[in-house]
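Asks: mind looking at a prediction? Sequence and model below.
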Amino acid sequence: MTVTDPLGTTAPAPPAAPTGSLTPVFVTLKLSLLRNGLRQSAGRRAAYITSIVFTLLFAALQLLGLVLLRGHDHAAALVTVGSAVLALGWAVVPLFFPGGDETLDPTRLVMLPLRPRPLIVALLLSSLIGIGPLFTLTLAAGSAVALAHGAAAVVAGVVAVALNLLVCVALARAVATANIRLLTSRKGRDLALLSGLFVAVGLQFVNVGWQQLSGKNGLSVLEPAADVLRWVPPAAAVDAVQGVSEGAYATAAAQFALTAGALALLLWWWQRSLTHLMTAPDASTLQADAPGRESGRRDAGGPLGRLLPAGRTGVVLHQTLRYAVRNPKTKASWATSLAIGLLLPVITSLQGAGSVYTALWAPGLLGMQMYNQFGQDSSAFWMVSQTISSRRDAYLELRGRAMAIGLVALPYTTLAMIVAAAFMHRWDAAPETLGMGLGLLGALVATGALTSAQFPYSIPQDSGYKNVAPGQTGIAWISIFGGMIAGAVLSAPVLGMTIWLHLSGGHELLWLVLPVGAVYGVLIAEAGLRLAAPRTLARLPEILTAVSKG
């Protein structure tokens, strides 16, 4: 068949879109990707085989534990909550580990003549190949075995396992497709740097949950949560097996229908996101709207810039805050400090062994952001060094960086103290704790300024999770731990005042720790900045050499 164009020439008709099933093609593609990935290096093969062995071992132990729970009074509560937690993991893991599956990026298929519906079916079925689906299948099967009693329940268990697995995989695919532009951008790579924080926080909550389950109430503590989650897919399908075992067929049918409806909704969302992704133009190829650019009168500082102090201090403060938002390594460090400083009081309180003084982690972690201030500049520090020609220039540079930390640390420390006092019902100890926190913050800012000048080191920008350049690990340890010890010593006067008031019975005067700690923190920080300024001026060449090695 030929086609005639307006000029009278003929050309062959475009090839027809493929009409066969895409599923075998994508399954073969997934297997080829796995096989070719293992061929890249022996280390990758060893890591993959090791992960398979540990995953299968862990899944086998979980399966054995669920089978042994068969007939337990609270088995339904455990598997219902466990299914919901597992689905949550499937939803969030693509956001933090976008490179875990090379087939998660559908933009690689944009140029192929594929329709959304058969493409989704093929991608969904090919996604069932891998360690994650195998682990999910094992847990879902164990959950069904723990709840199924009777022939009808066994059939319901088979349906529940299939629905559970399909909902988890479809959920991960839909979330990844809807956020693929973010995940493949610079912000997505920044988000991936926070995966360690995500895992650390998750492990803390797992630890709290394990302690609750190991208490005297055992699995019964899960019943309130299970009563809610039994109507949340895919946990609803797992709980339906228990309903069939007990003869509650109408309730089980409603739970299965709810889970099937959720699966259909996820597939619809996935198809809509995929269609938009593969037909809409990429924003990176479009010219940005430039009405303000043409006028040339855009306020570079924005609303924040108008509130900052004038001169060098304001400029440095604004630059430091921009680093905290835009630089991946700096952003990860700030996010980790903010999250851990606020979560530690909450987690220790939930564990029943907490103290209001755990809130001191908040100013401690944020005060450590003052350490190695010039390392985040990397080789660009040469531009900063060109503007420092006197002790006052060095002092203003350090003061601007310290004020940026204080701008975040002061309200955050206050919030952490309020949260700790509320969770532990120790409002009487809030003023003294806040006073000690402010004193500790000022001491760490002082020692951080001194160690930034005396022990600078480079922070590699393109080395994954490495935060120290090769050969500078010893300097980093000296800077961080030496500075922390010195900061703790410098905050001793406020701590000593608090201990003395407690031991002498002057509890009615403990509120004085707050103003004393605030004034002491400001004075010790100012003293540290003034002592660090001449050291910074004298060591500009050495600092530039040290921070440029990464």
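Replies: Noted; the coordinates are in hand.

Asks: where do the strands of the protein begin and end?
Replies: 2-4, 10-12 (DSSP state E).

Asks: in this structure, where's the longest helix?
Replies: Secondary structure of the chain read by DSSP state H shows that its longest helix is helix 391-424.

Asks: buried residues, that one. List them.
Replies: Going by neighbour count (16 or more other Cβ atoms under 10 Å), the buried part of helix 391-424 is 393-406, 408-410, 412-414, 416-417, 419-421, 423-424. Quick note: C-beta positions are derived from backbone N, CA and C, even for glycine.

Asks: and that helix, what does it pack against?
Replies: The contact analysis (3 or more Cβ pairs under 8 Å, 6 or more residues apart in numbering; DSSP states H and E) places helix 391-424 against helix 312-326, helix 328-350, helix 361-367, helix 430-454, helix 513-538.

Asks: for those, which one sits closest to residue 176?
Replies: With distances scored as Cβ to Cβ, the stretch of the helices and strands packed on helix 391-424 nearest to residue 176 is helix 328-350 (20.7 Å).

Asks: from the contact counts, what lies against that closest one?
Replies: The helices and strands touching helix 328-350, judged by 3+ Cβ pairs under 8 Å, 6+ apart, are helix 186-193, helix 195-213, helix 312-326, helix 361-367, helix 391-424.

Asks: what angle sits between the third one and helix 391-424?
Replies: Read it as helix 312-326. 50 degrees (axes from the mean of the first three to the mean of the last three Cα atoms, to 10 degrees).

Asks: tilt between helix 312-326 and helix 328-350?
Replies: Orientation of helix 312-326 against helix 328-350 (the same axes, to 10 degrees) gives an angle of 70 degrees.

Asks: what comes up buried for helix 312-326?
Replies: By neighbour count with 16+ other Cβ under 10 Å, helix 312-326 contains the buried residues 312-321, 323-324.

Asks: need the contact partners of it.
Replies: Outside of helix 312-326, the residues within contact range by Cβ atoms under 8 Å, 6 or more residues apart in numbering are 301, 304-305, 308-309, 330-331, 334, 376, 387, 393, 396-397, 399-401, 403-405, 407-408.

Asks: let's see that with 7 Å instead.
Replies: 301, 304-305, 308, 330-331, 334, 376, 396-397, 399-401, 403-404 (Cβ atoms under 7 Å, 6 or more residues apart in numbering).

Asks: and for the fourth one?
Replies: With Cβ under 7 Å, 6+ apart as the contact definition, helix 361-367 has outside contacts at 337, 340-342, 344, 405, 408-409, 412-413, 416, 437-438, 440-441, 444-445, 448, 487.

Asks: avg pLDDT for that helix?
Replies: Per-residue pLDDT over helix 361-367 has a mean of 88.

Asks: how about it as PDB, C-alpha atoms only?
Replies: Presented in PDB, the C-alpha positions along helix 361-367 are these (Å, rounded to 0.1, in the frame of the first residue of the first chain):
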ATOM      1  CA  TRP A 361      19.700  16.400  70.700                       C
ATOM      2  CA  ALA A 362      17.900  19.100  68.600                       C
ATOM      3  CA  PRO A 363      20.300  22.000  69.300                       C
ATOM      4  CA  GLY A 364      23.200  19.500  69.400                       C
ATOM      5  CA  LEU A 365      22.600  18.200  65.900                       C
ATOM      6  CA  LEU A 366      21.800  21.700  64.400                       C
ATOM      7  CA  GLY A 367      24.800  23.200  66.200                       C
END
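
Asks: can you give me the buried ones in it?
Replies: Using 16+ other Cβ under 10 Å as the burial criterion, the residues of helix 361-367 that qualify are 361-367.

Asks: can you add distance to residue 48 and give those back as TSV?
Replies: TSV is the format used below for these (distance: Cβ to Cβ, whole Å):
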residue	distance to residue 48
361	37
362	40
363	43
364	40
365	36
366	39
367	42
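
Asks: so which pair among the residues you listed is furthest apart in space?
Replies: Spatially, the most separated pair among the buried residues of helix 361-367 is 361 and 367, at 10.5 Å (Cβ to Cβ).

Asks: which member of the contacts of helix 312-326 is positioned nearest residue 114?
Replies: Checking those against residue 114 by Cβ to Cβ gives residue 331 as the nearest, at 37.0 Å.

Asks: what number of residues lie near that closest one?
Replies: If you count neighbours by other Cβ atoms under 10 Å, residue 331 ends up with 18.

Asks: my guess is residue 399 contacts residue 528. True?
Replies: No: under the criterion of Cβ atoms under 7 Å, residue 399 makes no contact with residue 528, lying 10.6 Å away.

Asks: what's the pLDDT at residue 483?
Replies: 77.

Asks: check contacts around it.
Replies: If you count contacts by Cβ under 7 Å, 6+ apart, residue 483 has them with 371, 447-448, 451.

Asks: thinking again about what came up before, where among the strands of the chain is average confidence lowest?
Replies: The minimum mean pLDDT among those belongs to strand 2-4 (a mean of 50).

Asks: roughly how far does the residue nearest to residue 371 when sequence neighbours are not counted sit from residue 417?
Replies: Residue nearest to residue 371 in three dimensions, not counting chain neighbours: residue 448, with 4.5 Å by Cβ to Cβ, 6 or more residues apart in numbering. Plainly put, residue 448 is 21 Å away from residue 417 if you go by Cβ to Cβ, to the nearest Å.

Asks: also residue 29?
Replies: Note on residue 29: its distance to residue 417, by Cβ to Cβ, is 55 Å.

Asks: ok, residue 88 next?
Replies: As defined by Cβ to Cβ, residue 88 lies at a distance of 31 Å from residue 417.

Asks: same check on residue 446?
Replies: Counting by Cβ to Cβ, the gap from residue 446 to residue 417 is 21 Å.

Asks: ditto for residue 114
Replies: In this view, residue 114 and residue 417 are 56 Å apart by Cβ to Cβ.

Asks: with residue 326 instead?
Replies: Here the distance between residue 326 and residue 417 works out to 30 Å (Cβ to Cβ).

Asks: break the protein down into its structural domains.
Replies: 23-279, 308-547 (automatic domain parsing).

Asks: most tightly surrounded among the ones you listed?
Replies: Compared across these, domain 308-547 shows the largest average neighbour count, a mean of 19 (mean count of other Cβ atoms under 10 Å).

Asks: contacting residues around the nearest residue to residue 427 once chain neighbours are set aside?
Replies: Setting aside the residues directly before and after it, residue 427 is nearest to residue 421 in space (Cβ to Cβ, 6+ apart), at 5.0 Å. The contact partners of residue 421, taken as Cβ under 7 Å, 6+ apart, are 356, 427, 429-430.
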